[in-house]
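Visitor: Here's my sequence, what's the structure:
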Amino acid sequence: MRTRRLHFGGRPLCPFLRPFFLDAADEDRVRHAAETLWRLGERVARVAIDRPDLLQQLALSDAEIRLARIDPGYETTSTAARADAFVLPDSLQFAEYNGESPAGAGYSQGLAEVFDGEPLMARFRERFVVRMYRPVEALLEALVASYREWGGTASPPLMAIVDWREVPTYSEFEIMRDAFTALGVPTVIADPRDLVFSNNRLYANGHAIDLVYRRVLINDMVARDRECRALVDAYEQRAVCVANSLRCKIPHKKAFFAVLTDERHANLFSADEREVIRRHIPWTVVVEERRVTRDGQAIDLLPHLRRHRDRFVIKPNDEYGGTGVTLGWETTEAEWDAAIARALAERDRGWVAQEQIKVRREVSPICENDLAMRDMLVDFAPYLFRGRLAGFLTRLSATGLANVTSGGGQVPAFVVSQR
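Guide: Prediction:
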(Lines give C-alpha, C1' and ligand atoms only; values in the text may rest on other atoms or scores of the structure.)
Protein backbone atom coordinates (compact mmCIF):
# COMPACT_ATOMS: atom_id res chain seq x y z
CA MET A 1 0.00 0.00 0.00
CA ARG A 2 2.77 2.46 0.82
CA THR A 3 4.51 1.76 -2.48
CA ARG A 4 1.25 2.49 -4.33
CA ARG A 5 0.53 5.64 -2.26
CA LEU A 6 -2.53 4.04 -0.70
CA HIS A 7 -2.44 6.05 2.50
CA PHE A 8 -4.59 8.73 4.11
CA GLY A 9 -2.74 11.41 6.04
CA GLY A 10 0.31 9.12 6.25
CA ARG A 11 -1.35 5.92 7.49
CA PRO A 12 -2.18 2.90 5.30
CA LEU A 13 -5.80 2.84 4.21
CA CYS A 14 -6.54 -0.80 4.89
CA PRO A 15 -5.52 -2.64 8.08
CA PHE A 16 -8.02 -5.42 7.24
CA LEU A 17 -7.16 -8.81 5.75
CA ARG A 18 -10.38 -9.56 3.88
CA PRO A 19 -12.20 -7.62 1.17
CA PHE A 20 -15.95 -7.04 1.04
CA PHE A 21 -17.90 -9.46 -1.16
CA LEU A 22 -21.30 -8.96 -2.77
CA ASP A 23 -23.22 -11.06 -5.26
CA ALA A 24 -24.87 -10.06 -8.53
CA ALA A 25 -28.30 -9.67 -6.91
CA ASP A 26 -26.89 -7.20 -4.37
CA GLU A 27 -25.13 -5.39 -7.19
CA ASP A 28 -28.35 -5.07 -9.18
CA ARG A 29 -30.43 -3.66 -6.34
CA VAL A 30 -27.67 -1.25 -5.36
CA ARG A 31 -27.38 -0.11 -8.98
CA HIS A 32 -31.11 0.53 -9.36
CA ALA A 33 -31.49 2.45 -6.10
CA ALA A 34 -28.25 4.45 -6.39
CA GLU A 35 -28.74 5.44 -10.03
CA THR A 36 -32.28 6.53 -9.20
CA LEU A 37 -30.94 8.63 -6.33
CA TRP A 38 -28.49 10.35 -8.70
CA ARG A 39 -31.33 11.23 -11.08
CA LEU A 40 -33.34 12.66 -8.20
CA GLY A 41 -30.36 14.78 -7.19
CA GLU A 42 -30.04 16.16 -10.70
CA ARG A 43 -33.76 16.95 -10.85
CA VAL A 44 -33.86 18.68 -7.47
CA ALA A 45 -30.84 20.77 -8.49
CA ARG A 46 -32.58 21.87 -11.69
CA VAL A 47 -35.86 22.67 -9.95
CA ALA A 48 -34.45 24.31 -6.81
CA ILE A 49 -32.36 26.88 -8.64
CA ASP A 50 -35.63 28.72 -9.42
CA ARG A 51 -37.51 27.75 -6.24
CA PRO A 52 -36.71 29.97 -3.22
CA ASP A 53 -38.78 27.68 -0.98
CA LEU A 54 -36.59 24.69 -1.85
CA LEU A 55 -33.37 26.66 -1.46
CA GLN A 56 -34.60 27.76 1.97
CA GLN A 57 -35.42 24.19 2.99
CA LEU A 58 -32.00 23.06 1.78
CA ALA A 59 -30.45 25.90 3.83
CA LEU A 60 -28.00 27.11 1.24
CA SER A 61 -26.20 30.25 2.33
CA ASP A 62 -26.41 33.43 0.25
CA ALA A 63 -22.87 32.82 -0.98
CA GLU A 64 -23.69 29.24 -1.98
CA ILE A 65 -26.81 30.40 -3.81
CA ARG A 66 -24.80 33.00 -5.71
CA LEU A 67 -22.32 30.33 -6.84
CA ALA A 68 -25.13 27.90 -7.70
CA ARG A 69 -26.82 30.49 -9.89
CA ILE A 70 -23.75 30.90 -12.09
CA ASP A 71 -24.51 29.03 -15.32
CA PRO A 72 -21.80 26.35 -15.58
CA GLY A 73 -22.33 25.98 -19.32
CA TYR A 74 -23.63 22.42 -19.20
CA GLU A 75 -26.53 20.52 -17.67
CA THR A 76 -24.95 17.85 -15.46
CA THR A 77 -24.76 18.93 -11.83
CA SER A 78 -22.77 16.10 -10.25
CA THR A 79 -20.38 14.47 -12.71
CA ALA A 80 -19.06 12.44 -9.76
CA ALA A 81 -21.19 11.47 -6.78
CA ARG A 82 -21.27 8.86 -4.06
CA ALA A 83 -24.18 7.49 -2.06
CA ASP A 84 -23.28 6.25 1.43
CA ALA A 85 -25.35 3.19 2.22
CA PHE A 86 -25.81 0.07 4.32
CA VAL A 87 -26.64 -3.06 2.37
CA LEU A 88 -28.12 -6.09 4.16
CA PRO A 89 -29.96 -9.16 2.87
CA ASP A 90 -33.35 -7.61 3.66
CA SER A 91 -32.65 -3.88 3.29
CA LEU A 92 -30.66 -1.21 1.47
CA GLN A 93 -30.76 2.27 2.96
CA PHE A 94 -28.79 5.41 2.23
CA ALA A 95 -27.43 7.53 5.06
CA GLU A 96 -26.46 10.48 2.87
CA TYR A 97 -25.53 11.60 -0.63
CA ASN A 98 -22.18 13.12 -1.48
CA GLY A 99 -22.88 15.15 -4.60
CA GLU A 100 -19.69 17.20 -4.42
CA SER A 101 -16.72 15.46 -6.01
CA PRO A 102 -16.27 12.64 -3.47
CA ALA A 103 -12.87 11.20 -2.68
CA GLY A 104 -11.71 7.61 -2.74
CA ALA A 105 -12.10 6.27 -6.30
CA GLY A 106 -8.35 6.05 -6.82
CA TYR A 107 -7.86 4.47 -3.43
CA SER A 108 -10.66 1.94 -4.05
CA GLN A 109 -9.23 0.76 -7.35
CA GLY A 110 -5.70 0.64 -5.97
CA LEU A 111 -6.75 -1.48 -2.99
CA ALA A 112 -8.70 -3.83 -5.26
CA GLU A 113 -5.61 -4.29 -7.44
CA VAL A 114 -3.45 -5.00 -4.37
CA PHE A 115 -5.84 -7.66 -3.06
CA ASP A 116 -6.43 -9.07 -6.55
CA GLY A 117 -2.71 -9.64 -7.02
CA GLU A 118 -2.33 -11.76 -3.88
CA PRO A 119 -1.77 -15.55 -4.19
CA LEU A 120 -4.72 -16.11 -1.89
CA MET A 121 -7.03 -14.43 -4.42
CA ALA A 122 -5.74 -16.79 -7.13
CA ARG A 123 -6.80 -19.72 -4.93
CA PHE A 124 -10.13 -18.04 -4.24
CA ARG A 125 -10.75 -17.78 -7.99
CA GLU A 126 -10.54 -21.57 -8.27
CA ARG A 127 -13.95 -21.71 -6.59
CA PHE A 128 -15.46 -18.31 -7.40
CA VAL A 129 -15.85 -15.96 -10.34
CA VAL A 130 -14.52 -12.63 -9.06
CA ARG A 131 -15.07 -9.24 -10.67
CA MET A 132 -13.78 -5.82 -9.67
CA TYR A 133 -14.72 -2.30 -10.77
CA ARG A 134 -12.26 0.21 -12.20
CA PRO A 135 -13.67 3.56 -11.03
CA VAL A 136 -10.61 5.56 -12.13
CA GLU A 137 -11.26 4.83 -15.81
CA ALA A 138 -14.99 5.45 -15.35
CA LEU A 139 -14.33 8.77 -13.61
CA LEU A 140 -12.07 9.93 -16.43
CA GLU A 141 -14.73 9.02 -19.01
CA ALA A 142 -17.33 10.98 -17.02
CA LEU A 143 -15.09 14.05 -16.66
CA VAL A 144 -14.32 14.13 -20.38
CA ALA A 145 -18.02 13.59 -21.19
CA SER A 146 -18.92 16.62 -19.07
CA TYR A 147 -16.21 18.60 -20.84
CA ARG A 148 -17.74 17.65 -24.22
CA GLU A 149 -21.22 18.52 -22.93
CA TRP A 150 -19.83 21.92 -21.90
CA GLY A 151 -18.69 22.40 -25.48
CA GLY A 152 -14.99 21.62 -25.09
CA THR A 153 -13.19 20.61 -28.26
CA ALA A 154 -9.57 20.04 -27.18
CA SER A 155 -8.55 16.45 -27.87
CA PRO A 156 -7.31 15.57 -25.41
CA PRO A 157 -8.12 18.36 -22.95
CA LEU A 158 -5.51 19.39 -20.40
CA MET A 159 -6.93 18.65 -16.96
CA ALA A 160 -6.08 20.12 -13.56
CA ILE A 161 -6.96 18.38 -10.29
CA VAL A 162 -7.54 21.37 -8.00
CA ASP A 163 -7.34 21.28 -4.21
CA TRP A 164 -5.14 22.51 -1.38
CA ARG A 165 -1.71 20.94 -1.39
CA GLU A 166 -1.93 20.14 2.34
CA VAL A 167 -5.07 17.96 2.28
CA PRO A 168 -4.69 14.34 3.54
CA THR A 169 -6.00 12.96 0.21
CA TYR A 170 -3.12 14.47 -1.80
CA SER A 171 -1.68 11.02 -2.46
CA GLU A 172 -4.90 10.14 -4.30
CA PHE A 173 -4.44 13.16 -6.56
CA GLU A 174 -1.04 11.74 -7.54
CA ILE A 175 -2.64 8.35 -8.28
CA MET A 176 -5.30 10.06 -10.42
CA ARG A 177 -2.81 12.31 -12.22
CA ASP A 178 -0.65 9.36 -13.22
CA ALA A 179 -3.61 7.20 -14.25
CA PHE A 180 -5.36 9.93 -16.26
CA THR A 181 -2.12 10.82 -18.06
CA ALA A 182 -1.44 7.15 -18.85
CA LEU A 183 -4.97 6.88 -20.26
CA GLY A 184 -4.32 9.75 -22.66
CA VAL A 185 -5.53 12.85 -20.81
CA PRO A 186 -2.57 14.94 -19.58
CA THR A 187 -3.22 16.04 -16.01
CA VAL A 188 -1.56 18.33 -13.48
CA ILE A 189 -2.25 18.95 -9.79
CA ALA A 190 -2.80 22.56 -8.76
CA ASP A 191 -3.50 24.44 -5.56
CA PRO A 192 -6.24 27.10 -5.98
CA ARG A 193 -3.69 29.69 -4.82
CA ASP A 194 -1.49 28.85 -7.80
CA LEU A 195 -4.17 29.40 -10.46
CA VAL A 196 -4.10 32.49 -12.69
CA PHE A 197 -6.99 33.77 -14.81
CA SER A 198 -5.69 35.87 -17.69
CA ASN A 199 -6.85 36.64 -21.25
CA ASN A 200 -9.91 34.44 -20.71
CA ARG A 201 -7.83 31.36 -19.91
CA LEU A 202 -7.16 29.62 -16.62
CA TYR A 203 -3.51 28.76 -16.02
CA ALA A 204 -2.00 26.26 -13.58
CA ASN A 205 1.77 26.42 -13.23
CA GLY A 206 1.97 28.08 -16.65
CA HIS A 207 -0.29 25.53 -18.40
CA ALA A 208 -3.57 26.64 -20.00
CA ILE A 209 -6.25 24.41 -18.48
CA ASP A 210 -9.29 23.10 -20.36
CA LEU A 211 -10.95 20.98 -17.66
CA VAL A 212 -10.88 21.28 -13.88
CA TYR A 213 -11.52 18.18 -11.79
CA ARG A 214 -12.57 20.20 -8.75
CA ARG A 215 -11.74 18.60 -5.45
CA VAL A 216 -11.58 21.87 -3.50
CA LEU A 217 -14.81 22.12 -1.55
CA ILE A 218 -17.38 24.86 -2.06
CA ASN A 219 -17.20 25.47 1.70
CA ASP A 220 -13.56 26.44 1.24
CA MET A 221 -14.33 28.45 -1.89
CA VAL A 222 -16.75 30.53 0.18
CA ALA A 223 -14.52 30.81 3.26
CA ARG A 224 -11.34 31.51 1.26
CA ASP A 225 -12.87 33.56 -1.50
CA ARG A 226 -9.77 35.53 -2.43
CA GLU A 227 -7.61 32.41 -2.74
CA CYS A 228 -10.18 30.79 -5.07
CA ARG A 229 -10.96 33.94 -7.07
CA ALA A 230 -9.16 32.84 -10.26
CA LEU A 231 -11.07 29.56 -10.34
CA VAL A 232 -14.46 31.21 -9.76
CA ASP A 233 -13.81 33.95 -12.32
CA ALA A 234 -12.78 31.43 -14.98
CA TYR A 235 -15.86 29.32 -14.20
CA GLU A 236 -18.17 32.34 -14.34
CA GLN A 237 -16.71 33.47 -17.69
CA ARG A 238 -16.96 29.89 -19.03
CA ALA A 239 -13.26 29.95 -19.75
CA VAL A 240 -12.89 26.46 -18.33
CA CYS A 241 -15.13 23.47 -17.67
CA VAL A 242 -15.40 22.72 -13.95
CA ALA A 243 -16.70 19.38 -12.69
CA ASN A 244 -18.53 19.08 -10.44
CA SER A 245 -20.34 22.29 -11.18
CA LEU A 246 -20.99 24.69 -8.30
CA ARG A 247 -24.68 23.72 -8.40
CA CYS A 248 -23.80 20.38 -6.86
CA LYS A 249 -24.20 21.93 -3.41
CA ILE A 250 -27.98 21.64 -3.84
CA PRO A 251 -28.22 17.82 -3.73
CA HIS A 252 -25.10 17.54 -1.58
CA LYS A 253 -26.77 19.12 1.45
CA LYS A 254 -28.01 16.63 4.04
CA ALA A 255 -31.39 18.40 3.77
CA PHE A 256 -31.67 16.97 0.23
CA PHE A 257 -33.11 13.86 1.91
CA ALA A 258 -35.58 16.12 3.74
CA VAL A 259 -36.81 17.30 0.33
CA LEU A 260 -37.10 13.71 -0.92
CA THR A 261 -39.13 12.54 2.10
CA ASP A 262 -41.27 15.68 2.45
CA GLU A 263 -44.81 14.92 1.28
CA ARG A 264 -45.13 18.53 0.07
CA HIS A 265 -42.73 17.73 -2.77
CA ALA A 266 -44.14 14.35 -3.81
CA ASN A 267 -45.28 15.81 -7.15
CA LEU A 268 -41.62 16.18 -8.19
CA PHE A 269 -41.26 12.41 -8.39
CA SER A 270 -42.93 9.57 -10.27
CA ALA A 271 -44.69 6.72 -8.50
CA ASP A 272 -41.70 4.43 -9.07
CA GLU A 273 -39.33 7.08 -7.72
CA ARG A 274 -41.49 7.60 -4.65
CA GLU A 275 -41.29 3.86 -4.01
CA VAL A 276 -37.48 3.98 -4.20
CA ILE A 277 -37.53 6.89 -1.75
CA ARG A 278 -39.87 5.01 0.61
CA ARG A 279 -37.72 1.88 0.61
CA HIS A 280 -34.22 3.34 0.60
CA ILE A 281 -34.23 6.90 1.99
CA PRO A 282 -34.70 7.38 5.77
CA TRP A 283 -37.26 9.96 6.82
CA THR A 284 -35.32 13.21 7.24
CA VAL A 285 -36.44 16.64 8.41
CA VAL A 286 -34.84 20.01 9.08
CA VAL A 287 -34.85 20.63 12.85
CA GLU A 288 -37.14 23.58 13.57
CA GLU A 289 -40.20 24.35 15.65
CA ARG A 290 -43.09 23.41 13.38
CA ARG A 291 -45.65 20.78 12.55
CA VAL A 292 -44.69 18.27 9.91
CA THR A 293 -46.68 15.67 8.02
CA ARG A 294 -45.71 12.05 7.80
CA ASP A 295 -47.84 9.31 6.28
CA GLY A 296 -50.69 11.82 6.16
CA GLN A 297 -50.53 12.60 9.88
CA ALA A 298 -49.51 15.93 11.42
CA ILE A 299 -46.73 15.78 14.02
CA ASP A 300 -45.28 18.42 16.37
CA LEU A 301 -41.67 17.90 15.38
CA LEU A 302 -39.68 18.87 18.49
CA PRO A 303 -41.76 16.88 21.00
CA HIS A 304 -41.62 13.94 18.58
CA LEU A 305 -37.82 14.09 18.42
CA ARG A 306 -37.56 14.35 22.21
CA ARG A 307 -39.88 11.38 22.74
CA HIS A 308 -38.09 9.18 20.23
CA ARG A 309 -34.40 10.05 20.53
CA ASP A 310 -33.57 6.33 20.32
CA ARG A 311 -34.83 6.42 16.71
CA PHE A 312 -33.05 9.52 15.41
CA VAL A 313 -29.69 11.02 14.58
CA ILE A 314 -29.06 14.79 14.39
CA LYS A 315 -26.41 15.94 11.97
CA PRO A 316 -25.22 19.23 10.50
CA ASN A 317 -26.44 20.00 7.01
CA ASP A 318 -23.01 20.24 5.47
CA GLU A 319 -20.01 18.72 7.24
CA TYR A 320 -17.54 15.94 6.57
CA GLY A 321 -15.98 13.13 8.55
CA GLY A 322 -18.80 12.74 11.06
CA THR A 323 -18.33 16.25 12.50
CA GLY A 324 -21.19 17.30 14.80
CA VAL A 325 -23.20 14.07 14.46
CA THR A 326 -25.27 13.06 17.52
CA LEU A 327 -26.65 9.52 17.65
CA GLY A 328 -29.76 9.67 19.79
CA TRP A 329 -29.57 6.02 20.88
CA GLU A 330 -26.05 6.61 22.26
CA THR A 331 -26.80 9.84 24.19
CA THR A 332 -28.45 10.89 27.41
CA GLU A 333 -31.65 12.92 27.46
CA ALA A 334 -29.66 16.04 28.40
CA GLU A 335 -27.19 15.53 25.55
CA TRP A 336 -30.04 15.04 23.09
CA ASP A 337 -31.80 18.20 24.29
CA ALA A 338 -28.52 20.08 23.86
CA ALA A 339 -28.22 18.80 20.28
CA ILE A 340 -31.76 19.98 19.51
CA ALA A 341 -31.06 23.36 21.11
CA ARG A 342 -27.92 23.80 19.03
CA ALA A 343 -29.81 22.89 15.85
CA LEU A 344 -32.48 25.50 16.65
CA ALA A 345 -29.90 28.16 17.47
CA GLU A 346 -28.13 27.50 14.17
CA ARG A 347 -31.24 27.18 12.01
CA ASP A 348 -29.53 29.04 9.17
CA ARG A 349 -27.14 26.08 8.85
CA GLY A 350 -30.08 23.69 8.47
CA TRP A 351 -29.39 20.88 10.95
CA VAL A 352 -31.36 17.75 10.14
CA ALA A 353 -32.85 14.89 12.12
CA GLN A 354 -32.83 11.55 10.35
CA GLU A 355 -34.52 8.34 11.35
CA GLN A 356 -32.22 5.51 12.35
CA ILE A 357 -31.49 2.98 9.62
CA LYS A 358 -30.41 -0.63 9.71
CA VAL A 359 -26.63 -0.87 9.68
CA ARG A 360 -24.41 -3.77 8.74
CA ARG A 361 -21.84 -5.24 11.11
CA GLU A 362 -19.38 -8.03 10.37
CA VAL A 363 -16.50 -9.64 12.22
CA SER A 364 -13.41 -8.82 10.21
CA PRO A 365 -9.73 -9.83 10.57
CA ILE A 366 -7.57 -6.78 11.30
CA CYS A 367 -3.79 -6.56 11.39
CA GLU A 368 -2.63 -4.37 14.28
CA ASN A 369 0.30 -5.54 16.40
CA ASP A 370 -1.12 -9.04 15.97
CA LEU A 371 -4.00 -10.52 14.04
CA ALA A 372 -7.32 -9.82 15.74
CA MET A 373 -10.98 -10.35 14.92
CA ARG A 374 -13.10 -7.22 15.36
CA ASP A 375 -16.81 -6.52 15.08
CA MET A 376 -16.97 -3.69 12.54
CA LEU A 377 -19.61 -1.39 11.07
CA VAL A 378 -19.65 -1.79 7.27
CA ASP A 379 -20.49 1.33 5.24
CA PHE A 380 -20.96 0.56 1.54
CA ALA A 381 -20.93 3.58 -0.78
CA PRO A 382 -21.53 3.20 -4.53
CA TYR A 383 -19.86 5.69 -6.87
CA LEU A 384 -22.06 7.29 -9.54
CA PHE A 385 -20.30 8.92 -12.46
CA ARG A 386 -22.76 10.77 -14.69
CA GLY A 387 -25.48 8.58 -13.24
CA ARG A 388 -23.90 5.17 -13.75
CA LEU A 389 -22.71 2.82 -11.03
CA ALA A 390 -18.92 2.81 -11.27
CA GLY A 391 -17.59 1.06 -8.17
CA PHE A 392 -17.71 1.23 -4.41
CA LEU A 393 -16.06 2.83 -1.41
CA THR A 394 -16.32 0.35 1.45
CA ARG A 395 -15.37 1.52 4.94
CA LEU A 396 -15.15 -0.38 8.21
CA SER A 397 -15.33 1.22 11.63
CA ALA A 398 -15.47 0.06 15.24
CA THR A 399 -17.67 3.07 16.11
CA GLY A 400 -21.09 4.24 14.92
CA LEU A 401 -19.48 6.59 12.38
CA ALA A 402 -17.94 4.96 9.33
CA ASN A 403 -15.45 7.28 7.70
CA VAL A 404 -11.71 7.29 7.15
CA THR A 405 -11.39 10.81 8.55
CA SER A 406 -12.50 9.73 12.04
CA GLY A 407 -10.23 6.69 12.09
CA GLY A 408 -12.04 4.03 10.09
CA GLY A 409 -10.40 1.86 7.46
CA GLN A 410 -11.18 1.01 3.86
CA VAL A 411 -11.44 -2.33 2.05
CA PRO A 412 -11.97 -3.15 -1.63
CA ALA A 413 -15.23 -4.68 -2.84
CA PHE A 414 -15.54 -7.58 -5.27
CA VAL A 415 -18.60 -9.02 -7.00
CA VAL A 416 -18.49 -12.82 -6.66
CA SER A 417 -20.43 -15.87 -7.80
CA GLN A 418 -19.93 -19.62 -7.46
CA ARG A 419 -18.21 -21.39 -10.32
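
Visitor: Now do the host helix or strand of residue 213: everything it contacts.
Guide: Applying DSSP states H and E as the criterion places residue 213 in strand 211-214. Residues from elsewhere that reach strand 211-214 (Cβ atoms under 8 Å, 6 or more residues apart in numbering): 101, 143-144, 147, 152, 157-163, 176, 187, 202, 231, 235, 240-244. C-beta: built from backbone N, CA, C; applies to glycine.

Visitor: what mean pLDDT would you report for whichever helix or strand comes after that strand?
Guide: Downstream of strand 211-214, the next assigned helix or strand under DSSP H and E is helix 218-223. For helix 218-223, the mean per-residue pLDDT is 96.

Visitor: From the contact counts, what lies against helix 218-223?
Guide: helix 62-68 (3 or more Cβ pairs under 8 Å, 6 or more residues apart in numbering; DSSP states H and E).

Visitor: Buried residues, the longest helix seen in the chain. List them.
Guide: Ranked by number of residues, the top helix in the chain under DSSP state H is helix 24-48. By neighbour count on 16 or more other Cβ atoms under 10 Å, the buried set for helix 24-48 is 26-27, 30, 33-38, 40-42, 44-45, 48.

Visitor: Quick check: of the residues you listed, which lies closest to residue 249?
Guide: Closest approach to residue 249 among the buried residues of helix 24-48 (Cβ to Cβ): residue 45, at 8.8 Å.

Visitor: Surely the closest one is in contact with residue 77?
Guide: Yes: contact criterion Cβ atoms under 8 Å: residue 45 and residue 77 qualify, at 4.2 Å.

Visitor: any common contacting residues for those two?
Guide: In contact with both residue 45 and residue 77: 247, 248, 250, 251, using Cβ under 8 Å, 6+ apart.

Visitor: now, which of those residues sits nearest residue 139?
Guide: Using Cβ to Cβ, these come closest to residue 139 at residue 248, 14.9 Å.

Visitor: Contact partners for the closest one?
Guide: Residues in contact with residue 248 (Cβ under 8 Å, 6+ apart) are 45, 77, 78, 81, 99, 100, 101, 218.

Visitor: what about 10 Å?
Guide: Residues near residue 248 by Cβ atoms under 10 Å, 6 or more residues apart in numbering: 41-42, 45, 68, 72, 76-81, 98-101, 214, 218.

Visitor: before we move on, the earlier item: mark which of the contacts of strand 211-214 are part of strands, please.
Guide: If you go by DSSP state E, the contacts of strand 211-214 have 159, 160, 161, 162, 187, 202, 241, 242, 243 in strands.

Visitor: The first one and residue 181 touch, don't they?
Guide: To tie it back to what came earlier, the one meant is residue 159. Yes: Residue 159 is within contact range of residue 181, at 9.0 Å (criterion: Cβ atoms under 10 Å).

Visitor: Redo the shared contacts of residue 45 and residue 77 as a markdown table? Include distance to residue 114 and secondary structure.
Guide: Shown next, in a markdown table, are the shared contacts of residue 45 and residue 77 (distance: Cβ to Cβ, whole Å; DSSP: H, G, I helix; E, B strand; the rest coil):
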| residue | distance to residue 114 | secondary structure |
| --- | --- | --- |
| 247 | 36 | helix |
| 248 | 31 | helix |
| 250 | 37 | helix |
| 251 | 33 | helix |
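
Visitor: about what we covered before: quick one: buried ones out of the contacts of residue 248?
Guide: Using 16+ other Cβ under 10 Å, the buried ones in these are 41-42, 45, 68, 72, 76-81, 98-101, 214, 218.

Visitor: ok, the shared contacts of residue 45 and residue 77 vs residue 288, which is closest?
Guide: Relative to residue 288, the closest of the shared contacts of residue 45 and residue 77 is residue 250; by Cβ to Cβ it sits at 19.5 Å.

Visitor: what's the pLDDT at the closest one?
Guide: So residue 250 comes in at 97 (pLDDT).

Visitor: Neighbours of it, how many?
Guide: By the measure other Cβ atoms under 10 Å, the count of residues near residue 250 is 28.

Visitor: Give me the nearest residue to it, chain neighbours excluded.
Guide: Using Cβ to Cβ, 6 or more residues apart in numbering and skipping the chain neighbours, the partner closest in space to residue 250 is residue 45 (4.3 Å).

Visitor: got a list of what the one you found touches?
Guide: 54, 58, 68, 75-78, 99, 245, 247-252, 256.

Visitor: Where does the residue of the chain positioned farthest from its centre sit: helix, strand or coil?
Guide: Note on the chain: the largest C-alpha distance from the chain mean falls to residue 126, namely 35.1 Å (Cα atoms, centre = their mean). Using DSSP: H, G, I helix; E, B strand; the rest coil, the three-state assignment for residue 126 comes out as coil.

Visitor: just checking, it touches residue 418?
Guide: No: the pair residue 126 and residue 418 does not pass the contact test of Cβ under 10 Å, sitting 11.6 Å apart.

Visitor: Now that we're looking at residue 319, what pLDDT does it have?
Guide: The score at residue 319 is 80. That number is its pLDDT.

Visitor: So what's the residue count around it?
Guide: Look at residue 319: counted by other Cβ under 10 Å, it has 13 neighbours.

Visitor: Now do the SS call for it.
Guide: Of the three states, residue 319 takes coil under three-state DSSP.

Visitor: contacting residues for it?
Guide: Contacts of residue 319 by Cβ under 10 Å, 6+ apart are 219, 254, 325, 349.

Visitor: Rebuild those as CSV, extending it with secondary structure and distance to residue 294.
Guide: Listed next are the contacts of residue 319 as CSV, based on DSSP: H, G, I helix; E, B strand; the rest coil; distance: Cβ to Cβ, whole Å:
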residue, secondary structure, distance to residue 294
219, helix, 31
254, coil, 18
325, coil, 22
349, helix, 23
